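In: sequence first, then the predicted structure:
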Amino acid sequence: MTEARPTQAASAFLWERDEEVAAVEQAIDTLRADSSSSGSVLVFRGEAGLGKTALLAETRRRAEARGCVVWSARGGETLRSVPFNVLRQLLQPALVSLMPEEAREYLGDWYDIAGPALGLTEPGAGQADPQGVCDGLVAAVRRLARRDWPLVLVIDDAHWADQETLRWLAAFVERLDDLSVLVLVARRPGEVSGESARHLDAIAAAADAPVATLSALTPEATAGLTRATLGGHADAPFCREVWAVTGGNPYETVELLAKVQDSELEPVEAQAPELRALNRSARGGGLVARLEGLGIEATRFAWAAAILGTGISVGLVAKLATMSDEDAVRCAELLRSARILTGPDPATAPAGDGDLEFVHPLIASAVYNSIPPALCTAMHGIAARVVTDSGLGAAMASRHLLQVHPDDDEELVEQLREAAREHLAVGAPDAARRCLERALLEPPRQESHARVLYELGCAILLTAPATTVDHLQSALAMPGLDGAERVDAVFRLSQALIHNDQLEDAVRTVEAEAARHAPGPAQLRLQAVQYMWEGIHAGEASSPGRSERLAELASTCTGRDNSERALLILRGFDAMTHGENAEVVVELSDRALVNGRLAPGLGWTDTEWGLEILMMLASSYTYTDRLDRAESMFTDALRTYESSGWSGGHLALAHAFLGFNHRRRGRLREAEDALRESLRIADRVARGLPLYWSATCNLVDTLLARGHVEDAWEIAEQYGFAPPYPSTIVLPDPRSVRGRLLLAVGRAQDGINELEAAEKAATARGHHNPVMVPWALDLARALSTQDPARAAQLATDARRRAERFGTDTAIGEALRCAAALETGQRAVRLLSQAVTYLEASPCQYEHAAARVEYGIAARSVAEIQRGLALARSCGADGLVAQARDVLETGRGLR
């Protein structure tokens with residue numbers, strides 16, 4: 001039996017909890033010992049009534065007695081649809097102590113991102129990125145936690161916590177290595193599914209010890225508790241019957257013993273048969289009957305309190321139950337006396353959170369479930385008005401509106417649409433989805449039905465692309481979407497189709513819509529979108545005449561609006577992939593800018609076009625050796641996404657492309673860091689998306705350049721870098737990179753096969769840029785002894801294409817390849833020319849490789865040493881080792 005109990009009520013629930021209390025004690029001691037130590041997580045799981053809440057209350061008492069700060073919160077069965085509800089509860093003690101300017105200072109750059117979710121500031125006009133909001137909340141709590149060390153976070157009934165809070169908590173507990181905080185979570189087994197269940201599993205996985213599962217009391221403990229409550233004269237048969245009736249459930253045992261006391265039943269064997277009837281009156285139907293025995297007004301009061309769920313003040317309940325304040329006060333006292341309601345613990349209740357709460361969640365559930373269905377629905381409707389009239393906003397009222405029966409009420413539809421907008425603005429798209437799905441059931445009037453479907457499709461575009469497709473196709477088939485709104489809906493539908501790996505359907509959808517429009521801005525935008533999706537399609541062949549049609553259309557563009565600018569970008573990207581002259585590519589790309597900068601409405605977070613068009617522009621600059629311009633764009637993307645709180649797929653792709661730029665510049669260490677960070681972020685989004693391929697392909701390419709072949713193979717295996725390849729284009733060409741990887745690990749024939757597959761795919765698409773799709777250079781080297789004639793022809797063709805493209809990098813790399821097939825002075829001359837071109841190129845790794853190869857061929861110590869210095873600065877460890885080996889051997893060098 002646990003000693004040092006705060007109150008008699010709490011002690012009843014702590015019988016046989018010595019092991020759990022000891023674990024809490026140890027965790028508190030560890031927390032207090034060192035402010036620089038790692039944080040820890042304890043998870044307690046148990047069925048209803050087994051004492052989870054009492055254990056957490058004891059934790060609070062012991063932690064506060066040792067000088068710890070404790071923040072606590074509790075999930076609610078009827079509150080799971082309220083985004084960030086539990087997190088707001090949890091942070092209430094910290095937030096109320098801060099002045100607005102202090103809150104801004106503590107949250108820093110995250111204030112505008114995380115602040116709206118916490119109710120600290122008004123949200124922006126657009127849709128917040130859920131991952132960015134989650135990251136912002138993690139950062140905000142970490143900063144507040146350092147201020148309040150030693151800090152204990154207590155979350156009860158986590159199985160009823162809202163999904164947004166659970167997402168935050170799962171992310172927060174992953175980052176406790178450098179944050180000294182103790183997190184305690186209590187939950188029931190089961191009860192949740194989907195994303196919430198996944199987050200709870202992640203929280204449990206982060207715990208320092210296995211999840212502690214609470215068990216029912218033994219007969220001995222039940223007897224001890226019975227005698228401690230009723231007196232030592234309670235005989236053994238009576239105590240045994242208490243255990244048999246309650247199953248050792250601590251809550252039911254305590255309630256039953258209270259009933260025994262109230263009824264003045266003697267705790268002896270002769271009275272034991274009365275226990276079952278008393279127990280029935282304390283739970284389920286018996287509790288409802290007991291409630292009804294208090295009178296109709298007390299019952300209405302209890303029902304209204306159950307509808308509200310949180311913030312239960314006598315005044316709000318009186319409005320909802322339509323009774324006078326005097327009657328409400330009287331009913332509150334009756335329900336307190338009946339142990340149905342109680343005053344909240346001042347230590348745990350958030351400020352201003354009401355005057356009352358239910359004694360136990362089991363009671364709250366029983367009362368709520370006892371409300372007649374029609375009346376329950378009506379009361380939720382009244383509650384929505386009460387909440388709205390209190391100035392709490394549509395989002396707070398929406399949990400009640402979700403429960404109202406459909407009744408062709410256009411006003412309710414508008415309220416739900418407004419609530420959805422508020423949810424999206426704070427980063428809660430799942431809550432927005434629920435509101436809009438409910439609005440569709442009302443249903444909306446004909447003139448607004450398509451707009452509701454459109455808003456729902458936009459809300460779930462990234463999380464449920466297949467469902468988005470259905471909603472947007474339905475919206476477009478209805479009247480109501482016209483002009484720019486319809487064009488935007490078609491664009492969003494095409495995006496959803498691409499996210500659902502239906503790229504060809506996306507192209508056909510946009511093409512069909514463009515055909516419906518007369519020449520003008522709308523048609524031009526749709527044509528640009530069509531060419532954009534075709535441009536990123538990695539299918540077997542491009543549509544006949546596509547490049548010619550795009551060139552003809554772009555030739556009429558001056559860059560006067562974003563549709564024309566997009567077409568110029570697309571024409572430049574198409575020219576780059578086909579290996580047309582780099583100066584033409586650059587000229588087209590530059591014309592798409594306004595004074596050298598991205599045009600308004602064509603920025604990284606603008607949703608009218610998406611990021612694909614800008615990635616195409618930056619990639620064109622990358623492969624035309626304008627790496628400074630490309631780096632400026634990628635850095636701007638990274639900075640923009642971070643400052644805007646977009647920390648999901650967009651941020652992952654920005655890191656991937658910045659790593660891609662570092663790789664091209666020869667900053668191999670920086671490239672590896674950026675690409676690993678991209679994969680870390682992408683892991684939180686979803687595997688298999690195109691952004692995964694971009695990061696993985698570039699990381700494998702970078703590791704091969706560094707000479708880290710085993711690491712490259714490990715990454716390829718870990719992330720499935722192998723056929724089948726995605727339907728969207730990946731830069732650099734994944735088949736070429738995988739072919740080089742297979743050659744590097746000694747699988748020569750497999751490597752040759754992969755490079756020949758790259759040749760076939762590139763030829764079908766007309767992708768003749770020898771830098772973007774470098775299969776020919778590697779295949780020529782691989783075939784140099786097996787099929788020297790074909791190898792020579794490949795090298796010749798690659799050089800011809802390089803000279804047509806015209807960049808120093810392309811020509812220098814083609815010369816390196818040609819030299820690899822030669823010997824003697826012929827090889828020396830070719831490498832000398834390669835060095836000249838690559839020295840003028842911004843691609844320093846390729847320059848270093850050419851310099852080392854030239855030094856070896858020319859037997860020049862000075863040239864090898866120059867190459868060695870370049871290789872070191874690039875982080876090309878394999879090249880460094882090669883140069884050192886030659887220098888150390890020294891044979892034939894001069």
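Out: Right, received. Where do you want to start? Residues are numbered from 1 along each chain as shown.
In: ranges for the helices of the stretch 351-500 of the chain?
Out: In the stretch 351-500 of the chain, the helices defined using DSSP state H, counting those that start in this stretch lie at 361-370, 373-389, 394-401, 410-425, 429-441, 446-459, 465-477, 483-499.
In: CSV please, covering these and showing distance to D177 and mean pLDDT.
Out: Any C-beta I mention is one placed from the backbone N, CA and C, and that applies to glycine too. What follows is these, written out as CSV (distance: least, CB to CB, whole Å; pLDDT from 0 to 100):
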stretch, distance to D177, mean pLDDT
helix 361-370, 34, 88
helix 373-389, 41, 90
helix 394-401, 35, 90
helix 410-425, 32, 93
helix 429-441, 29, 94
helix 446-459, 35, 93
helix 465-477, 35, 92
helix 483-499, 34, 91
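In: just tell me which of these ends up closest to P93.
Out: The closest of those to P93 is helix 394-401. By CB to CB, the value is 20.9 Å.
In: which elements pack onto that closest one?
Out: Here helix 394-401 touches helix 373-389, helix 410-425, helix 429-441, going by 3 or more CB pairs under 8 Å, 6 or more residues apart in numbering; DSSP states H and E.
In: make TSV from those helices and add mean neighbour count and distance to R280 to it.
Out: Compiled in TSV, these are given as follows (neighbours: other CB atoms under 10 Å; distance: least, CB to CB, whole Å):
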stretch	mean neighbour count	distance to R280
helix 373-389	17	24
helix 410-425	21	40
helix 429-441	22	37
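In: now the ones you listed in TSV, with distance to D327?
Out: Formatted as TSV, the helices and strands packed on helix 394-401 follow (distance: least, CB to CB, whole Å):
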stretch	distance to D327
helix 373-389	17
helix 410-425	30
helix 429-441	33
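In: any low-confidence regions in the stretch 1-150 of the chain?
Out: Within the stretch 1-150 of the chain, the ranges that satisfy pLDDT under 70 run 1-12.
In: circling back to that earlier point, can you check which of the helices and strands packed on helix 394-401 gets nearest to A57?
Out: Nearest to A57 among those is helix 373-389 (29.2 Å), distances taken as CB to CB.
In: could you list the residues in contact with that closest one?
Out: Here helix 373-389 makes contact (CB atoms under 8 Å, 6 or more residues apart in numbering) with 303-304, 307-308, 316, 319-320, 368, 371, 394, 396-398, 400-401, 403-405, 415.
In: again, but for stretch 618-638
Out: Stretch 618-638 has contacts (CB under 8 Å, 6+ apart) with 569, 572-573, 576, 582, 585-586, 588-589, 598, 604, 611, 614, 617, 650-651, 654-655, 657-658, 660-661, 664-665, 731, 769, 771-772, 807-809, 841-843.
In: could you give the number of residues near P123?
Out: 21 (other CB atoms under 10 Å).
In: helices of the stretch 501-650 of the chain, start to end?
Out: For the stretch 501-650 of the chain, the helices defined by DSSP H, counting those that start in this stretch cover 503-516, 521-536, 546-554, 562-577, 582-591, 612-623, 627-644, 649-665.
In: out of these, nearest to W15?
Out: Closest of the helices of the stretch 501-650 of the chain to W15 is helix 649-665, at 50.6 Å (criterion: CB to CB).
In: could I get the buried residue list for the closest one?
Out: Across helix 649-665, burial judged by 16 or more other CB atoms under 10 Å covers 649-665.
In: please apply the same query to stretch 223-233.
Out: For stretch 223-233, burial by neighbour count (16+ other CB under 10 Å) applies to 223-230.
In: hmm, who's touching it?
Out: Applying CB under 8 Å, 6+ apart, the contact partners of stretch 223-233 are 1, 11-12, 15, 217, 234, 236, 238-240, 242-243, 250, 253-254, 257, 260-261, 267-268.
In: picking that back up, write the PyMOL selection for whichever of the contacts of helix 373-389 are buried.
Out: In PyMOL, a selection of the buried entries from the contacts of helix 373-389 looks like this (16+ other CB under 10 Å):
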select buried, resi 303+304+307+308+316+319+320+368+371+394+396+397+398+400+401+403+404+415
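In: out of the helices of the stretch 351-500 of the chain, which is closest to E670?
Out: helix 483-499 (30.2 Å).
In: against which helices or strands is that closest one packed?
Out: Short answer (3+ CB pairs under 8 Å, 6+ apart): helix 483-499 packs on helix 446-459, helix 465-477, helix 503-516, helix 521-536.
In: I'd like these as a markdown table, with distance to L166 and mean neighbour count appended.
Out: Output for these, formatted as a markdown table (distance: least, CB to CB, whole Å; neighbours: other CB atoms under 10 Å):
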| stretch | distance to L166 | mean neighbour count |
| --- | --- | --- |
| helix 446-459 | 20 | 22 |
| helix 465-477 | 22 | 19 |
| helix 503-516 | 33 | 19 |
| helix 521-536 | 35 | 22 |
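In: and those as a markdown table, adding distance to L779?
Out: Output for the helices and strands packed on helix 483-499, formatted as a markdown table (distance: least, CB to CB, whole Å):
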| stretch | distance to L779 |
| --- | --- |
| helix 446-459 | 45 |
| helix 465-477 | 37 |
| helix 503-516 | 28 |
| helix 521-536 | 25 |
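In: now for those, which one comes closest to A554?
Out: Minimum separation from A554 across those (CB to CB) falls at helix 521-536, 8.9 Å.
In: which elements pack onto that closest one?
Out: The criterion is 3+ CB pairs under 8 Å, 6+ apart, and the helices and strands that helix 521-536 contacts are helix 483-499, helix 503-516, helix 546-554, helix 562-577, helix 612-623.
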